[in-house]
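# Return atomic coordinates for the entry below.
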Amino acid sequence: MDSKQLLESTVRIKIIGVGGAGNNAVDRIRMDMEQLEGLNLACVNTDLKTLSDSPVGETHLIGRNITRGLGTGGDPELGRKAADSDREIIGRLVEGYELIFLVASVGGGSGAGISPIIADIAKKNGSLVIAFINMPFTFEGERRFKMADMALKELRAVSDAVIPLPNDMLLQEEAAQDSVLNAFSKADEWITRGVKSIWAILLNSGLINVNFSTLREVFSICGGKTLFGLGKGQGANFIHDALDDLVLCPLLHVPDFSKVADNLLVNIVGGTDLSMSHVQEIMNFVTEKFGSKENTVLGAVIDEGKTQTVEICVLGTTAAGNLRSFRPKHSISASRPHHTPVKKTPVVASKSLREQIPAGEARQNGQLEFLPTIQEELGFEGMDEQRGFFEETGRNEHEGFDLDVPTYLRRGIRIVI
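Below is the predicted model of the structure:
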């Protein structure tokens, strides 16, 4: 059975681009998706001209009687009316798919107005919905930013995972001489890498497999923030390089991302020299960094054609309104400080991961327990996690600027790491 037949027999996946920016993103993603068999692409818009220019095979003009094919003019309410008028078309668009990826910019009327309705209909049809959402540049103004923020909240309420991609991040990613097209294509690369990672989790048969039911369980929490990061390492220090790359992933350094996760999925793709000690090192780092020791799911795949390389994908969700206690996890005596010595485990030349896992061992659900190797810290929260503990606080705004967005992003200052 080839990979296309295998995917069609298990999970049907569709990527839907919504609005002008979403259509453009899917058009660019299409060129990178040739090696990913079994993925279906579609574009949805209220603008007939933009839709007609798309090379994607499946396109849908929404709200013909509302906008007459001329677009929404940046009005999300008009986008909502257009989507409401064509719910039957949207229903057919998402019918029969277990996994729906939505790609849109919520700085425009079609993306902000239509995306939540597509997500809602797909969710009610039983699909797992993951949305990659471009947020507008800060310099686009307060009105557009508030519109995007409202659409983001609406999407979180009806999606399994929402991954916001701030356009301000492009100012950090692009070189000074890069064209505008190159800058936006780099943003689409993050979407492509994310889709590829989730596709690989479901399709590839690995040493520790993650099936669709396990993926759905990870995203069983609706309404909360999503944690999403990618890291890759090659060469003699491929594990450390991959962890460093993961920590520096731009998607983990924006205000709209969760810093910790209640449910966490970690997928590792390595070469034939990936050992169990390597997996242990990765998992200890990830669970300590992102804070989910209670419900962590692991997937591990060996690429027979590679050595000294590893790719790490981290996906996590946090419940909306999940309040965290300021109290320490353990009572500490003021007169006699408590210290737990760290036990150092000697590192030995380890066998490959394939040799260490028995061939008949049951590992379909990918749930393994990893013991922490460093001293447990007090349960005090960082400033990023403290906002919104006692009330539904909004953004910290002053004169139209969101103070939660770092100054270097708001002012377009490029920082070279």
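
# Could you break this protein into its assigned domains?
10-203, 212-334+345-356 (automatic domain parsing).

# pLDDT of the last one, averaged?
It refers to domain 212-334+345-356. Averaging pLDDT along domain 212-334+345-356 gives 77.

# Over to the longest one?
Average pLDDT, domain 10-203: 87.

# could you measure A242 against I312, distance?
5 Å (Cβ to Cβ, to the nearest Å). Backbone N, C-alpha and C define where each C-beta goes, glycine included.

# The stretch 51-200 of the chain: helices as residue ranges?
Secondary structure of the stretch 51-200 of the chain (DSSP state H, counting those that start in this stretch): helices located at 64-67, 76-85, 87-94, 109-124, 142-158, 170-173, 180-203.

# Would you mind finding the most buried of those?
Among the helices of the stretch 51-200 of the chain, helix 109-124 has the highest mean neighbour count (mean count of other Cβ atoms under 10 Å), at a mean of 26.

# Give me the helices and strands touching that helix, please.
Applying 3 or more Cβ pairs under 8 Å, 6 or more residues apart in numbering; DSSP states H and E, one finds that helix 109-124 contacts strand 13-18, helix 19-32, strand 39-45, helix 76-85, helix 87-94, strand 99-105, strand 128-135, helix 142-158.

# and the angle for the third one with strand 13-18?
Using axes from the mean of the first three to the mean of the last three Cα atoms, to 10 degrees, the direction of strand 39-45 lies 20 degrees away from that of strand 13-18.

# Numbering from 57 from now on, please.
OK, 57 is where the count begins now, so the last one is strand 95-101.

# In its sheet, which strands sit next to strand 95-101, and in what direction?
strand 69-74 (parallel), strand 114-117 (parallel) (DSSP bridges).

# so what sits against both of A298 and I368?
287-288, 338 (Cβ atoms under 8 Å, 6 or more residues apart in numbering).

# Out of the helices of the stretch 107-256 of the chain, which gets nearest to I69?
helix 236-259 (6.9 Å; Cβ to Cβ).

# Direction-wise, compare the closest one with strand 155-161 and give the angle.
Using the same axes, to 10 degrees: helix 236-259 against strand 155-161 is 170 degrees.

# Could you export helix 236-259 as CSV, CA atoms only?
Output of helix 236-259 as CSV, limited to C-alpha atoms (Å, rounded to 0.1, in the frame of the first residue of the first chain):
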residue,chain,number,x,y,z
VAL,A,236,8.0,41.7,0.0
LEU,A,237,7.1,38.4,-1.8
ASN,A,238,10.1,36.7,-0.2
ALA,A,239,9.1,38.0,3.2
PHE,A,240,5.6,36.6,3.0
SER,A,241,6.8,33.3,1.6
LYS,A,242,9.0,32.9,4.7
ALA,A,243,5.9,33.3,6.8
ASP,A,244,4.2,30.6,4.7
GLU,A,245,7.2,28.3,5.3
TRP,A,246,6.2,28.1,9.0
ILE,A,247,2.7,27.1,8.0
THR,A,248,4.1,24.5,5.6
ARG,A,249,6.5,23.1,8.2
GLY,A,250,3.6,22.9,10.7
VAL,A,251,1.4,21.0,8.2
LYS,A,252,4.2,18.7,7.2
SER,A,253,5.0,17.9,10.9
ILE,A,254,1.4,17.0,11.7
TRP,A,255,1.0,15.1,8.4
ALA,A,256,4.2,13.1,9.2
ILE,A,257,2.8,12.3,12.7
LEU,A,258,-0.3,10.7,11.2
LEU,A,259,1.2,9.0,8.1
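
# Let me know the angle separating that helix from helix 75-88.
Using the same axes, to 10 degrees: helix 236-259 against helix 75-88 is 60 degrees.

# relative to strand 184-191, how tilted is helix 236-259?
160 degrees.

# Please name every helix or strand in contact with the next helix or strand after helix 236-259.
Sequence order places helix 268-274 as the next helix or strand after helix 236-259, per DSSP states H and E. If contacts are counted by 3+ Cβ pairs under 8 Å, 6+ apart, helix 268-274 sits against strand 184-191, helix 236-259, strand 319-326, strand 352-358, strand 365-373.

# which stretch among these comes nearest N223?
strand 184-191 (5.9 Å).

# Could you spell out the sheet neighbours of that closest one, each with its direction?
For strand 184-191, using DSSP bridges, the partner strands are strand 155-161 (parallel), strand 217-222 (parallel).

# excluding its backbone neighbours, what's nearest G182?
Leaving aside its sequence neighbours, G182 sits nearest to E154 (Cβ to Cβ, 6 or more residues apart in numbering; 7.6 Å).

# Against V67, how distant is that neighbour?
Distance from E154 to V67, by Cβ to Cβ: 5 Å.

# overlap in contacts of those two?
F268.

# re earlier: tell me how many other residues crowd the residue nearest to G182.
17 (other Cβ atoms under 10 Å).

# What of G182?
12.

# mind checking how far it is from L134?
29 Å.

# Next one: the nearest residue to T123 once chain neighbours are set aside from R124, what distance?
Once flanking residues are discounted, T123 sits nearest to T102: 4.5 Å by Cβ to Cβ, 6+ apart. Distance, T102 to R124, by Cβ to Cβ: 9 Å.

# So the two - more neighbours on which side?
T102 (32 against 10).

# tell me the contacts of N190?
Contacts of N190 (Cβ under 8 Å, 6+ apart): 77, 81, 160-163, 167, 220-223, 243.
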